[in-house]
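J.: pasting the structure only:
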């Protein structure tokens, strides 16, 4: 069968049109890919910077655990167990779990499925809630001890603390039950990005919970500073400068630094929720702010929190080993009653 010249030219023209159409399709796909790359690059850059901050904060938590593990064994594991012991161990190892989960969640080179991402979000939210509640109880016990076991201080603070944590827990449980957020994994430019979508209801509850928490923490800081000032005035009247300076050092190391850090991190959280300057989440200023916020929050919850308990235990152990100083120092009533074993080298 032979083709006429007209049929041959027609087939050649159709073949040329198909090649041109294919070229246009390829060109369109290339342009679309470039446009998507340009539009998603700020997102990728933000997630990458945020993941660096998460890794740095998580490494800090692990490093502090290694540094203080010997103290933990001596002052926690080898002593008689008490409620403070349970609180310390819970916060310490919830913090390590939170650090590991955060790296799985936010490091873009770690692949996760949509289901795993959803589970990690729920796990991290509940660890955050429980750890904050436990740290609040530790602060409450410290204030109760500093005020000489006064129920007038204990009951109002306990009611405020329980009410605030119940609100936060109910809000998160409601959000999860109503599926008011979604979590999925995207692969963009070779990186694994976990994306979360929250509606206004969840964001509103989150803002209210920050206000509750910050209010309680400001009150706790005020009470801690107030009782410290009263004790310093009392010690100055009846004691020497040596005990006064020693007492001030103990107080700063064990209490006021932690209480102030809690308030500082809460203020950063309020700024993250309400500041209009942070609306553009891809700007350099917003990235630095949120990166510092997450690192400070890790340090406050999972480094300074456990160190508060260790510092109080260490101070009490030194008092038992130095009976001369103990007479002047015990008036501050910083320590819950615990048993510190004494060992002889003989």
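T.: Arrived safely. Remember, it's a predicted structure, so these values are computed and weren't measured experimentally.

J.: contacts and neighbour counts: CA atoms only from here.
T.: Will do.

J.: what's the neighbour count on the closest residue to residue 100 other than its chain neighbours?
T.: Distances taken as Cα to Cα, 6 or more residues apart in numbering place residue 58 nearest to residue 100, at 7.2 Å, with adjacent residues excluded. Other residues near residue 58 come to 25 when the count uses other Cα atoms under 10 Å.

J.: which SS state does residue 58 fall under?
T.: Classification of residue 58 by DSSP: H, G, I helix; E, B strand; the rest coil places it in helix.

J.: correct me, but it touches residue 298?
T.: Yes - if you go by Cα atoms under 8 Å, residue 58 and residue 298 touch, sitting 7.5 Å apart.

J.: state the pLDDT value of residue 153.
T.: Looking at residue 153, its pLDDT is 89.

J.: excluding its backbone neighbours, what's nearest it?
T.: Closest to residue 153 by Cα to Cα, 6+ apart is residue 144, at 6.8 Å.

J.: need the contact list for residue 209.
T.: Residue 209 makes contact with 164, 167-168, according to Cα atoms under 8 Å, 6 or more residues apart in numbering.

J.: would it count as being in a helix?
T.: Yes - Residue 209 sits within a helix when classified using three-state DSSP.

J.: now do it against residue 168, distance only.
T.: For residue 209, the distance to residue 168 (Cα to Cα, to the nearest Å) stands at 6 Å.

J.: for residue 224, same thing?
T.: Distance of residue 224 to residue 168, computed by Cα to Cα: 25 Å.

J.: re the thing from before, may I see the contacts of residue 209 organised as JSON lines, with distance to residue 313, neighbour count and secondary structure added?
T.: Formatted as JSON lines, these follow (distance: Cα to Cα, whole Å; neighbours: other Cα atoms under 10 Å; DSSP: H, G, I helix; E, B strand; the rest coil):
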{"residue": "164", "distance to residue 313": "29", "neighbour count": "20", "secondary structure": "helix"}
{"residue": "167", "distance to residue 313": "32", "neighbour count": "15", "secondary structure": "helix"}
{"residue": "168", "distance to residue 313": "31", "neighbour count": "21", "secondary structure": "helix"}
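
J.: which one of those residues is nearest residue 311?
T.: Checking those against residue 311 by Cα to Cα gives residue 164 as the nearest, at 27.4 Å.

J.: for the closest one, what are its contacts?
T.: By Cα under 8 Å, 6+ apart, the neighbours of residue 164 are 209, 212-213.

J.: what do you get if the cut-off is 6 Å, keeping everything else the same?
T.: Applying Cα atoms under 6 Å, 6 or more residues apart in numbering, we find residue 164 in contact with residue 212.

J.: tell me the confidence at it?
T.: 86.

J.: related to what we said a few turns ago, so for the helix or strand the residue nearest to residue 153 falls within, mean pLDDT?
T.: Assigned by DSSP states H and E, residue 144 belongs to helix 114-146. In this model, helix 114-146 carries a mean pLDDT of 87.

J.: what is the neighbour count of residue 152?
T.: Neighbour tally, residue 152, other Cα under 10 Å: 10.

J.: and residue 80, backbone torsions?
T.: The phi/psi pair for residue 80 (degrees, to the nearest 10) reads phi -60, psi 130.

J.: and it, how far from residue 220?
T.: Separation of residue 80 from residue 220 (Cα to Cα) stands at 28 Å.

J.: sorry, back to before: between the contacts of residue 209, which sits nearest residue 319?
T.: Residue 319 lies nearest to residue 164 out of the contacts of residue 209, by Cα to Cα, at 36.2 Å.

J.: so that closest one versus residue 78, what's the distance?
T.: Counting by Cα to Cα - residue 164 and residue 78 are separated by 34 Å.

J.: cool, residue 99 as well?
T.: According to Cα to Cα, residue 99 stands 26 Å off from residue 78.

J.: so which of the two has more stuff around it?
T.: residue 99 (24 against 12).

J.: what are the phi and psi values for residue 78?
T.: Main-chain dihedrals, residue 78, degrees, to the nearest 10: phi -90, psi 0.

J.: how about the strands in the chain?
T.: Here the chain has its strands, by DSSP state E, at 181-188, 191-198.

J.: so where is the stretch 201-346 of the chain shaky, pLDDT-wise?
T.: Residue ranges of the stretch 201-346 of the chain with pLDDT under 70: 201-205, 235, 238-253, 276-282, 322-346.
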